[in-house]
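Colleague: Could you work out the structure for the sequence below:
(chains A and B)
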Number of protein chains: 2
Amino acid sequence: MGYYPPSLVRLIKHLSRLPGIGEKTATRLALHILRSSYEDAKGLSESILEVKDRVRLCSKCFGLADTDPCNLCASPHRDRTIVCVVEQPSDLVALEKSGAFKGLYHVLHGALSPMNGIGPDDLKIKELVTRVADGKIRELILATNTNVEGEATASYLAQRFKAYPARVTRIASGVPMGSDLKYLDEVTISRAMERRREL
Amino acid sequence: MGYYPPSLVRLIKHLSRLPGIGEKTATRLALHILRSSYEDAKGLSESILEVKDRVRLCSKCFGLADTDPCNLCASPHRDRTIVCVVEQPSDLVALEKSGAFKGLYHVLHGALSPMNGIGPDDLKIKELVTRVADGKIRELILATNTNVEGEATASYLAQRFKAYPARVTRIASGVPMGSDLKYLDEVTISRAMERRREL
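Modeller: The predicted structure follows:
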């Protein structure tokens, strides 16, 4: 790396700080940027700063947005009486892609994890309580992940919102579509058996 | 991707134009940049433009450089009578890392490839002839790759420099160090047998 010109070495160093990008990949990317047109490089460079300047958290749902409130919260086509609680903005995007949900979201920005010192005050739970407390929300769908932290967060929230009139539900867990039972873990299979339904 | 804010979508698009980076990886990188400090993002953004602004080809060896002539060509510690011919700047770096060569370089920026319409005039061969013609070069080491194009380029150059007083040599080919014969291809093994040497 030190055998390249100093400016190229600096770019390689910056690129190799990105997740999953080692020095070899960073070198390949840097050489590609060097060969690409000035417009392409400028576009990439500017879009990095633009993201840092523009993207904020929506003050209602805490999703990523260029505007406040975000497009989803501002949309007249969404059901404002159902709120789906997710851990991260990327979970929100996964749900939106599925097209299965037409309500509003609430992004917690994490999950409870006492091992890592993350308690209820480190997540956007206080803000969720405020939203639910105004009484217009009929249903709260807990769509945190189904790993240990996500399950614990869902249990905690279910407990916390017991006293409120809103119905609290949890997304179904079971065998994912298109999968082969022999490759699935035991917990998923037992869960799918326990929660079997009448056809 | 369309579910993220427009500025984030633009960054994802720019990142996914990089080689080996698909939409999923680009999204992961963009979210990382969004979470990283403003200084880190600014450093990355600026180093991209800096590379485009500063890095030029050295007018002597056609390697990548911030200065002209490059550090290698300007160094008083290099043997100016031996020139090693490589295809790409990354090959030059690989040789420098090995520490096995203390002369100067000449980067062709490609290899002859009639299939892809790349002839002698598309490479820095005319410039190499000018360098050799001034008579100070004692040896020309052809270190193009050992694939079809690289071998063809080496043969072409050997022919072209026959009339010049400089000695023309080719890097050795054979079994790479630390390798297992059973996993090697037949061509490498026959080459290693043919060119065996007395111990």
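
Colleague: Quick one: list the elements packing against the lengthiest strand in chain A.
Modeller: As assigned by DSSP state E, the longest strand anywhere in chain A is strand A:79-86. Counting contacts by 3 or more CB pairs under 8 Å, 6 or more residues apart in numbering or on different chains; DSSP states H and E, strand A:79-86 packs against helix A:89-98, strand A:103-107, helix A:125-133, strand A:139-142. For every residue, glycine as well, the C-beta is placed using N, CA and C.

Colleague: so how many other residues sit close to A:Gly119?
Modeller: Close neighbours of A:Gly119, defined as other CB atoms under 10 Å in any protein chain shown, add up to 12.

Colleague: what about A:Thr27, helix or strand, and which?
Modeller: helix A:23-35 (DSSP states H and E).

Colleague: Just the residues contacting that helix, thanks.
Modeller: A:1, A:4, A:8, A:11-13, A:15-16, A:18, A:21, A:40-41, A:44, B:18-21, B:48, B:51-52, B:55, B:64, B:89-90 (CB atoms under 8 Å, 6 or more residues apart in numbering or on different chains).

Colleague: now that helix: mean pLDDT?
Modeller: The average pLDDT for helix A:23-35 rounds to 95.

Colleague: tell me which residues in it are buried?
Modeller: Of the residues in helix A:23-35, A:Thr25, A:Ala26, A:Thr27, A:Arg28, A:Leu29, A:Ala30, A:Leu31, A:His32, A:Ile33, A:Leu34 count as buried by neighbour count, 16 or more other CB atoms under 10 Å in any protein chain shown.

Colleague: does any bit of the helix or strand just after it sit next to chain B?
Modeller: Of the helices and strands lying after helix A:23-35 in sequence (DSSP H and E), the nearest is helix A:38-54. Yes: contact between helix A:38-54 and chain B, assessed by CB under 8 Å from any CB of the partner chain, occurs at A:38, A:40-54.

Colleague: Just want the angle from helix A:38-54 to helix B:38-54.
Modeller: Orientation check (axes from the mean of the first three to the mean of the last three CA atoms, to 10 degrees): helix A:38-54 against helix B:38-54 gives 170 degrees.

Colleague: Would you list the phi and psi of the most centrally placed residue in chain A?
Modeller: Nearest to the mean C-alpha position of chain A, counting by CA atoms, centre = their mean, stands A:Gln88 at 2.3 Å. Torsion angles at A:Gln88 (phi, psi; degrees, to the nearest 10) stand at phi -130, psi 160.

Colleague: doesn't A:Ala65 make contact with A:Asn71?
Modeller: Yes: using CB atoms under 8 Å, A:Asn71 is in contact with A:Ala65, at 7.0 Å.

Colleague: so who does the residue nearest to A:Asp40 when sequence neighbours are not counted touch?
Modeller: What sits nearest to A:Asp40 in space, not counting adjacent residues and going by CB to CB, 6 or more residues apart in numbering or on different chains, is B:Arg17, at 6.7 Å. Contact partners of B:Arg17, counting by CB under 8 Å, 6+ apart, are A:Ser36, A:Asp40, A:Leu44.

Colleague: Show me chain A divided up by domain.
Modeller: A:6-54, A:64-170 (automatic domain parsing).

Colleague: re earlier: most neighbours of all the contacts of B:Arg17, which one?
Modeller: The residue in those with the most neighbours, by other CB under 10 Å, is A:Leu44 (22 neighbours).

Colleague: So, low pLDDT: which residues of chain A?
Modeller: A:1-2 (pLDDT under 70).

Colleague: from the buried residues of helix A:23-35, which is closest to A:Thr188?
Modeller: Nearest to A:Thr188 out of the buried residues of helix A:23-35 is A:Thr25 (CB to CB; 33.8 Å).

Colleague: Please convert the buried members of the contacts of helix A:23-35 into ChimeraX selection syntax.
Modeller: The ChimeraX command for the buried members of the contacts of helix A:23-35 (criterion: 16+ other CB under 10 Å) is given here:
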select /A:4,8,11,12,13,15,16,18,21,40,41,44 /B:18,21,48,51,52,55,64,89,90
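
Colleague: how close does A:Ala154 sit to A:Cys61?
Modeller: 18 Å (CB to CB, to the nearest Å).
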